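Colleague: Predicted coordinates and the sequence they were generated for:
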Amino acid sequence: MNSLKKIKDNFSFKINECSFNNNVRFINTDKGRFVVKKNKHNNANLFRYLRTKNFHNFLELYDYSDEYEVYQYVNNVPVTIEEKALDIVNLITMLHNKTTFYKSSDIDKFQEIYEDINNKLAYLNNYYQNIRMIIEEEKYTSPSGYLFLRNLSVIHRSIDESKYFIDKWYELVKTKENFRVATIHNYLELDHLIKGDVTYLISWDKSCKASPIYDIMSLYKETYDKVDFYSLFELYNSKYPLYEEELYLLFSLLLVPSKLEFIKREIVNTKDVYELNNYLISTINFISKYQSDNTNAKTN
């Protein structure tokens, strides 16, 4: 109730009805229907910048204070998952193209990224070797343990390939004079697209200026098992071609396995093993197809 009073005091709304979804408030007022969110990112400045770059596919702020942001409510037209993913790709290619600039290379930052990924890969390699030994010593192997042992080679292949690509990336960036950055959304989920008279990206609270590959990575992890991501990636790459070093870093990051804990109920442990295996196989196949297609294209 205190938060509603603050909203009324800040924006002089007469609130007739209010509903909640996570940290978002939907309010019916004497001035219309609005969405009210905590002000975590100062999106007003971000949106001013995007307008100067002629990118307008975000919900305009109706009003804001130090604590809250108010957006006019937009009815969302239902579309398929495939259409949503396609719309997101079209929007981020536009966003990246309109906001790209180049920064002087920072070899210390590159070395930090390189060492962080290598350290993580070394840790995961040892961690999964220890998990293997623990499971093999059990008198009766659980379903999750059995599934894990059968697919352990996929985890190690993913670690090896991630190491290969991060090494290739580091060799290239060590001699680069500058590198490409853009404004990225950095929180791409299918639910963060609204389709009305205009198609909007919402939830910009994690937006920053960084390599565009991080938007591709988050979209891949959100949709790899739901849509034909390879076609979406080809579309993105045709409109905003990734440089060789960007591809290497993207591939390395995608291939880093998550850490299985084996501390949940057995049915959940088994599901986690299955999902990790499915993700890694899908990712290995995606990258292999890209390399094969592009090697053939260069040869022809």
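Modeller: Structure received.

Colleague: got the domain boundaries for this structure?
Modeller: Split into domains by automatic domain parsing, the chain comes to 2-73, 82-299.

Colleague: Switch those domains over to CSV; also include mean pLDDT and mean neighbour count.
Modeller: Using the backbone N, CA and C atoms, a C-beta is placed for each residue, glycine as well. Converted to CSV, these look like this (pLDDT from 0 to 100; neighbours: other Cβ atoms under 10 Å):
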stretch, mean pLDDT, mean neighbour count
domain 2-73, 83, 15
domain 82-299, 95, 16
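
Colleague: Can you show me the strands along the stretch 151-300 of the chain?
Modeller: Along the stretch 151-300 of the chain, counting by DSSP state E, counting those that start in this stretch, strands occupy 178-184, 193-195, 199-201, 208-210.

Colleague: Of all these, which one is nearest residue 88?
Modeller: strand 193-195 (5.5 Å; Cβ to Cβ).

Colleague: tell me what the closest one is packed against?
Modeller: helix 81-99, strand 199-201 (3 or more Cβ pairs under 8 Å, 6 or more residues apart in numbering; DSSP states H and E).

Colleague: tell me the angle of the longest one relative to strand 178-184?
Modeller: Relative orientation of helix 81-99 with respect to strand 178-184: 130 degrees, computed using axes from the mean of the first three to the mean of the last three Cα atoms, to 10 degrees.

Colleague: which helices and strands sit right next to helix 81-99?
Modeller: Against helix 81-99 (3+ Cβ pairs under 8 Å, 6+ apart) you get helix 43-52, strand 178-184, strand 193-195, strand 199-201, helix 213-223, helix 229-239.

Colleague: Please name whichever of these is nearest to residue 263.
Modeller: Among those, the nearest to residue 263 by Cβ to Cβ is helix 213-223 (22.6 Å).

Colleague: The closest one vs helix 229-239, what angle?
Modeller: Angle of helix 213-223 versus helix 229-239, following the same axes, to 10 degrees, is 160 degrees.

Colleague: what does helix 213-223 contact?
Modeller: With Cβ atoms under 8 Å, 6 or more residues apart in numbering as the test, helix 213-223 has contacts from 81, 85, 88-89, 92, 96, 184-190, 229, 232-233, 236, 242, 246, 249-250, 253-254, 279, 283, 286.

Colleague: returning to what we had before: between the helices and strands packed on strand 193-195, which one is closest to residue 295.
Modeller: Closest among those, once you apply Cβ to Cβ, is helix 81-99, at 23.9 Å.

Colleague: And the contacts of that closest one?
Modeller: Outside helix 81-99, the residues that touch it by Cβ under 8 Å, 6+ apart are 50, 53-55, 57, 79, 182-185, 188, 190, 193, 195, 199, 201, 209, 212, 215-216, 219, 223, 226-229, 232, 235-236, 239-240.

Colleague: swap the cut-off to 6 Å and go again
Modeller: Residues outside helix 81-99 that contact it (Cβ atoms under 6 Å, 6 or more residues apart in numbering): 53, 55, 57, 182-183, 190, 193, 199, 201, 212, 215, 223, 226-227, 232, 235-236, 239-240.

Colleague: any idea how far the helix or strand following it is from the chain center?
Modeller: Sequence-wise, the next helix or strand downstream of helix 81-99 (DSSP states H and E) is strand 101-104. Put simply, strand 101-104 sits 22 Å off its chain's centre (Cα atoms, centre = their mean, to the nearest Å).
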